[in-house]
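J.: sequence plus the predicted model coming up.
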Amino acid sequence: MIKNDLLLKALRGETVERPPVWMMRQAGRYLPDFMKLKEKYDFFTRCRTPELATEITVMPIRQVGPDAAILFSDILVIPQAMNIEVEMKPGVGPWLPNPVRTTEGVNQVNVPDVHEELQYVFDAIKMTKQELNDEVPLIGFAGSPWTILCYTVQGQGSKNFDLAKKFCFSNPEAAHILLQKITDTTIAYLKAKVAAGVDAVQLFDSWGGMLSPVDYQTFSWQYMQQIIDALKDEVPVIAYGKGCWFALKEMSESGAAALGVDWTCNARNARYLSGGKITLQGNFDPARLYSPPSEIKKMVNQMINEFGKDAYIANLGHGILPDIPVENARAFVDAVKEYRG
Ligand code: CP3
């Protein structure tokens, strides 16, 4: 049904003529037309207005040409729907004026009816699917419960999420109650996204690498696994953990269709740790898009040769940076499309 189904083929591990390519955070800040919309509408208005979310989601498809679209939204709509205030402060990023740091705070967090709180996301999916007209698949996403906890407790971005870790290690009972509430909300949310029409989902465990391997299992992975268990029979799940190479073995046995890796783990190690069969996604250093297009193209070819063209999705190892020239993003995508192994 979908005309360009390279991504779906790669997620099923089927042989492809070349790997599919998309970029994390492709619907955003490096595109001049996005910046124009940003001047007119604040961040959550852009998320909550299906016409705007659709326009921004489709923008990179028309202007840069990746093989999949990812819905314009944010992982922090989940805490917002759970009765935790979230603002996006220009120049600062996410800002939560009342962070959750106590047992009482956790008790006040809701597990909402996602159709009541997040219907605008499902409406945006339906509108985007219409606009895409089955040209490329649409990816839906959610943050991992641990990554959502990081913002919910810390109250803002951080280099080490020290307050989030302090909360987990000094009050683990409350932390696990909070993680379970986030997990339950996320499962209902992703199931509703699938019902609205997304073709694949990605879990972003952007801050999983902040934890030791043992704490990762306790505070992150077991909740990721619950989400994968609940979704894997309905939709292919991509599990991305930044800095989580140490967990690739468990991840490869989870039922996820693909695993995202960052640039600190080379292709050979990632294949070895994940058992050699499962589809991998990544892992171009986003800062490498500052290199001239000719060099980007060489490095992309090398990356594909190292991962192999099958069971592989070309992507960055984390989100695209805001000041990357559009032509460099295009060089990345074109290099994959021109690949002839
Ligand atoms: O990938 C896409 O293009 C789809 C949209 C998307 C956004 N955020 C839009 C966005 C996705 C998938 C995300 C996920 C997200 N949001 C993550 C996980 C991925 C990652 O990068 O680690 C995280 C940790 C967040 C939380 C968040 N939202 C942060 C840390 C910021 C950064 C603030 C900044 O300006 O750098 C945001 C804001 C945000 N989310 C922007 C966009 C396009 C930029 C702000 C804006 O446009 O006003």
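T.: Received, thanks. Residues are numbered from 1 along each chain as shown.
J.: and the pLDDT at residue 146?
T.: Reading off the confidence values, residue 146 has pLDDT 98.
J.: how is it assigned, secondary-structure-wise?
T.: helix (DSSP: H, G, I helix; E, B strand; the rest coil).
J.: repeat that for the one 5 residues further on.
T.: Remark: residue 151 carries the secondary structure label helix [criterion: three-state DSSP].
J.: give me the spatial nearest neighbour of it, chain neighbours excluded.
T.: residue 94 (5.6 Å; Cβ to Cβ, 6 or more residues apart in numbering). All C-beta spots, glycine's among them, are computed from the backbone N, C-alpha and C.
J.: kindly export stretch 283-295 (C-alpha atoms) in PDB.
T.: Output in PDB follows, covering the C-alpha atoms of stretch 283-295 (Å, rounded to 0.1, in the frame of the first residue of the first chain):
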ATOM      1  CA  ASN A 283      24.700   6.100  13.800                       C
ATOM      2  CA  PHE A 284      26.200   9.100  12.000                       C
ATOM      3  CA  ASP A 285      27.600  11.700  14.400                       C
ATOM      4  CA  PRO A 286      25.100  14.600  14.000                       C
ATOM      5  CA  ALA A 287      28.100  17.000  14.200                       C
ATOM      6  CA  ARG A 288      29.600  15.300  11.200                       C
ATOM      7  CA  LEU A 289      27.000  17.100   9.100                       C
ATOM      8  CA  TYR A 290      29.200  20.200   9.500                       C
ATOM      9  CA  SER A 291      31.700  18.500   7.100                       C
ATOM     10  CA  PRO A 292      31.500  19.500   3.500                       C
ATOM     11  CA  PRO A 293      28.900  17.500   1.400                       C
ATOM     12  CA  SER A 294      31.600  15.500  -0.500                       C
ATOM     13  CA  GLU A 295      33.100  14.300   2.800                       C
END
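J.: what is the mean pLDDT for that stretch?
T.: 98.
J.: quick one: distance of it to the chain centre.
T.: The chain centre lies 20 Å from the centre of stretch 283-295; the measure is Cα atoms, centre = their mean, to the nearest Å.
J.: confidence score at residue 257?
T.: 98.
J.: what number of residues are in the vicinity of it?
T.: 23 (other Cβ atoms under 10 Å).
J.: likewise residue 261?
T.: Residue 261, neighbours per other Cβ under 10 Å, totals 28.
J.: following the helix or strand hosting residue 194, which helix or strand comes up?
T.: Counting by DSSP states H and E, the secondary-structure element that holds residue 194 is helix 172-196. Remark: after helix 172-196, the chain's next helix or strand is strand 200-205, criterion DSSP H and E.
J.: any weak-confidence spans in the stretch 101-250 of the chain?
T.: Scanning the stretch 101-250 of the chain for pLDDT under 70 picks out no residues.
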